[in-house]
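Undergrad: I would like the atomic coordinates for the input below:
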Amino acid sequence: MTDDDSVTATPATTPAPEPAAPEPAVPQPAVPEPADAAAGFTPEQPPAAPRPASRRLLRAGAATVAAALVGVVIGVGIIKTRYDDPAPAAAAGPTGAPAPTATPTPYGAKSNGSHFGSLRDLLLPVPAGFELGPDEGGYGNDTEIGAGQISDELDAELQQVPKDKRDKLRSYWEGLHVKGTGVRTYRNDGNNLVVGLRLRQFNQQEVQRINEYTAVFTGDTGIFRSGPQIPGHPEAHCYLMPAPPSAPIDYLECSAAEGDLLVVMSVEGVAPLPKDKIVGLFTLQLDRLASPGASA
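TA: Here you go, the predicted structure:
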């Protein structure tokens with residue numbers, strides 16, 4: 001990591017009060033931003049009867065397969081929740097004037113691609129036409145996973161691995177310098193589309209390698225169907241899961257590397273999936289993280 005401290009940052013988005021909801025997941029739609037509306041996120045009538053969201057959305061998909069070298073540990077969450085790149089204090093005012101109080105920047109990205117702040121702030125706020133979606137297992141639908149929990153889960157998983165490989169996996173994991181994983185899920189107003197976004201923060205070189213490997217794996221094996229392109233983000237790639245042509249439900253994943261963040265989006269919905277909305281959502285998320293700074 002370089003010592004470049006130039007920062008472009010954006011204040012965190014404050015979610016609006018929670019509305020009542022019929023689903024177990026706690027809806028908490030944020031006030032839509034103009035960019036969300038411009039991306040065309042409007043309520044859509046379902047082409048088929050609404051289907052409750054399935055937990056299969058956030059199952060281990062191709063991006064997790066691509067990280068098979070580290071087994072389950074890549075997709076589990078946080079080992080450390082501290083951030084090593086705090087925002088700088090505000091500069092002092094003119095001579096003779098009282099110095100302004102230093103105001104920490106809530107989140108952002110340095111010019112070297114290293115992000116700082118809460119991963120929940122770096123995640124895309126709930127756009128117009130969506131609400132918070134179902135829980136991802138026991139982690140909730142808008143969360144960062146705690147250090148104690150991830151450490152316990154990692155130890156439990158490694159007990160199932162032969163000791164010689166267990167030590168190698170532990171050593172590799174520690175070398176990743178993982179800072180955390182943030183998760184947020186979204187469900188559209190028609191209840192026929194569920195989207196999950198994950199931000200996994202660790203060593204930039206490994207983020208890039210895993211993203212590149214995922215692109216090769218999903219493109220060369222012939223198992224996955226090609227997904228849409230993400231304009232302006234050549235590092236991003238999308239792919240659809242294997243499914244028969246007549247399947248009523250379809251699944252898609254997108255992956256991208258943004259500095260020290262591996263960004264993974266999982267989508268489940270009534271076929272055919274609205275690819276324009278999916279592209280719009282992923283574009284907004286990547287734009288929010290883009291170096292040299294995050295932007296809303």
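
Undergrad: can you pull the alpha-carbon coordinates of stretch 135-142 into PDB?
TA: What follows is stretch 135-142, C-alpha atoms only, in PDB (Å, rounded to 0.1, in the frame of the first residue of the first chain):
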ATOM      1  CA  ASP A 135     -32.000 -12.200   5.400                       C
ATOM      2  CA  GLU A 136     -28.900 -13.900   4.200                       C
ATOM      3  CA  GLY A 137     -29.000 -16.900   6.500                       C
ATOM      4  CA  GLY A 138     -28.500 -15.700  10.000                       C
ATOM      5  CA  TYR A 139     -26.600 -12.500   9.000                       C
ATOM      6  CA  GLY A 140     -29.600 -10.300   8.300                       C
ATOM      7  CA  ASN A 141     -30.100  -8.200   5.200                       C
ATOM      8  CA  ASP A 142     -28.000  -5.100   5.900                       C
END
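
Undergrad: Name the residues of that stretch that are buried.
TA: Residues of stretch 135-142 classed as buried: 135-136, 139-142 (neighbour count, 16 or more other Cβ atoms under 10 Å). In this view, the C-beta of every residue, glycine as well, is placed from N, C-alpha and C.

Undergrad: can I get these in TSV with distance to Thr181 and pLDDT?
TA: Converted to TSV, these look like this (distance: Cβ to Cβ, whole Å; pLDDT from 0 to 100):
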residue	distance to Thr181	pLDDT
Asp135	15	93
Glu136	11	85
Tyr139	9	81
Gly140	13	89
Asn141	14	96
Asp142	13	96
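
Undergrad: now, among those, which is nearest to Asn211?
TA: Glu136 (21.0 Å; Cβ to Cβ).

Undergrad: wouldn't Ser114 be in contact with Gln204 here?
TA: Yes: using Cβ atoms under 8 Å, Ser114 is in contact with Gln204, at 7.3 Å.

Undergrad: So for these two, which residue has more residues nearby?
TA: Set Ser114 next to Gln204 and count neighbours by other Cβ atoms under 10 Å: Ser114 wins out with 22 against 19.

Undergrad: Show the pLDDT at that one.
TA: pLDDT for Ser114: 93.

Undergrad: Quickly note the distance from it to Glu235.
TA: Between Ser114 and Glu235 the distance, using Cβ to Cβ, to the nearest Å, works out to 16 Å.

Undergrad: Then Leu169?
TA: Separation of Leu169 from Glu235 (Cβ to Cβ) stands at 26 Å.

Undergrad: what's the answer for Asn188, then?
TA: Counting by Cβ to Cβ, the gap from Asn188 to Glu235 is 26 Å.

Undergrad: So for Leu169 and Glu235, which sits in the more crowded spot?
TA: A side-by-side neighbour count of Leu169 and Glu235, using other Cβ under 10 Å, places Leu169 first with 18 against 15.

Undergrad: hang on, isn't the more buried one packed against Leu158?
TA: Yes: if you go by Cβ under 8 Å, Leu169 and Leu158 touch, sitting 6.4 Å apart.

Undergrad: Would you mark the buried spots in the longest helix anywhere in the chain?
TA: Counting residues, the longest helix found in the chain (DSSP state H) is helix 204-220. Counting neighbours by 16+ other Cβ under 10 Å, one finds that the buried residues in helix 204-220 are 204, 206-208, 210-211, 213-215, 217-218.
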